[in-house]
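> Predicted model follows, preceded by the sequence.
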Amino acid sequence: MHWPQKEWLTLSEVARILGVHPSTVRIWANQGKIPVHRTSGGHRRFRRSELELWLMARQQEHDLNIPHDFIQTTLRQVRMQADEGILAQQPWYQKLTPAVREQYRRSGQQMLQSLWSCLMNKGQDADNEDNILAEARALGYEYATRARKAGLSATEALSAFLFFANTLLDAILEVIEDSNAPSPHAWITILRKTKTFVSHTATTMTEIYETYEQRLPSP
């Protein structure tokens, strides 16, 4: 976790530290779930010392007992599957420029980071659902916008998302298998939240893409 060497942090900097989308930090701040201050101009600022204490309290309260190296192991599995040539064989991937291909290769990492923030969130079921929905909608918007700019059809856009979503799910299942499921409750919670997250993201991406198709000419 990289901390900028200064006391006051911007919303974007906090989002990078926490590994979540900026809109998620904005929602948490508006709901009073994370300590925030306002400048005279109305901008959100976060005091580093307060954020560190907030993170410590959040980690101490967390009761899922998720293995410490879960995210590192899962990310490694995602990279391995993408590097095995399977990605290059996808018809939609062959239509992309090198720059856009690089963006899509990073999609698995972004999806994992967004999912991780949802898994680490502790609170009432309704709060968890709201946070998953907010993070998924932000990611769905990014997938739709990227696909639209790349000239992919709605079907190709969905195929691109599902490739990374299925790669992530396969990686999680492999991590679970290798761990011999030391905490069944934790893994069940992970899979349920993952299912909710992926469903929300796919639905949002499809809705946004359909809106683009209705309002904008093809790129």
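Great, that's in hand.
> And the pLDDT at the residue nearest to Lys6 when sequence neighbours are not counted?
Leaving aside its chain neighbours, Lys6 sits nearest to Arg48 (7.1 Å; criterion: Cβ to Cβ, 6 or more residues apart in numbering). Quick note: C-beta positions are derived from backbone N, CA and C, even for glycine. For Arg48, the model assigns a pLDDT of 85.
> now swap in Ile132 and tell me
Ile132 is assigned a pLDDT of 76 by the prediction.
> what does the one 3 residues further on give?
At Glu135, the pLDDT value in this model is 82.
> Could you do Asn65 as well?
Looking at Asn65, its pLDDT stands at 50.
> same thing with the one 5 residues further on?
We have a pLDDT of 64 for Phe70.
> same check, this time on Asp127
pLDDT recorded at Asp127 is 58.
> Select the longest helix from this structure.
Across the chain, the longest stretch assigned as helix under DSSP state H is helix 184-215.
> residues in contact with the residue nearest to Thr10 when sequence neighbours are not counted?
Excluding the flanking residues, the one nearest Thr10 by Cβ to Cβ, 6+ apart is Arg45, at 6.8 Å. Counting by Cβ atoms under 8 Å, 6 or more residues apart in numbering, Arg45 touches 8-10, 36-39.
> you'd agree Arg45 is in a strand?
Yes. Assessed with DSSP: H, G, I helix; E, B strand; the rest coil, Arg45 lies in a strand.
> Now do the helices in the protein.
11-18, 22-30, 48-61, 70-83, 91-94, 98-105, 107-119, 125-149, 154-179, 184-215.
> Show me which residues of the second one are buried.
Buried residues in helix 22-30, defined by neighbour count with 16 or more other Cβ atoms under 10 Å: 23-29.
> could you dump that helix to CSV, C-alpha only?
Below are the C-alpha coordinates for helix 22-30, written out as CSV (Å, rounded to 0.1, in the frame of the first residue of the first chain):
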residue,chain,number,x,y,z
PRO,A,22,-13.0,7.2,-6.8
SER,A,23,-16.9,7.1,-6.9
THR,A,24,-16.8,4.5,-4.1
VAL,A,25,-14.7,6.8,-1.9
ARG,A,26,-17.1,9.7,-2.7
ILE,A,27,-20.1,7.6,-1.7
TRP,A,28,-18.4,6.5,1.6
ALA,A,29,-17.5,10.1,2.3
ASN,A,30,-21.1,11.3,1.7
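> Distance of Arg101 relative to Ser117?
Counting by Cβ to Cβ, to the nearest Å, the gap from Arg101 to Ser117 is 26 Å.
> more crowded one of these two?
Ser117 (21 against 16; other Cβ atoms under 10 Å).
> For the more buried one, give me its contacts.
18-20, 24, 131, 135.
> for Arg38, same thing?
Residues near Arg38 by Cβ under 8 Å, 6+ apart: 44-45.
> Show the pLDDT at the most centrally placed residue in the chain.
Nearest residue to the geometric centre of the chain (Cα atoms, centre = their mean): Ser114, 1.9 Å. Note for Ser114: predicted pLDDT of 76.
> now swap in Ile208 and tell me
Taking Ile208 on its own, its pLDDT is 91.
> quick one, domains of the protein?
8-61, 70-215 (automatic domain parsing).
> mind checking pLDDT for the closest residue to Phe161 other than its chain neighbours?
Closest residue in space to Phe161, ignoring its immediate chain neighbours: Tyr143 at 5.1 Å, by Cβ to Cβ, 6+ apart. Here the pLDDT value assigned to Tyr143 is 89.
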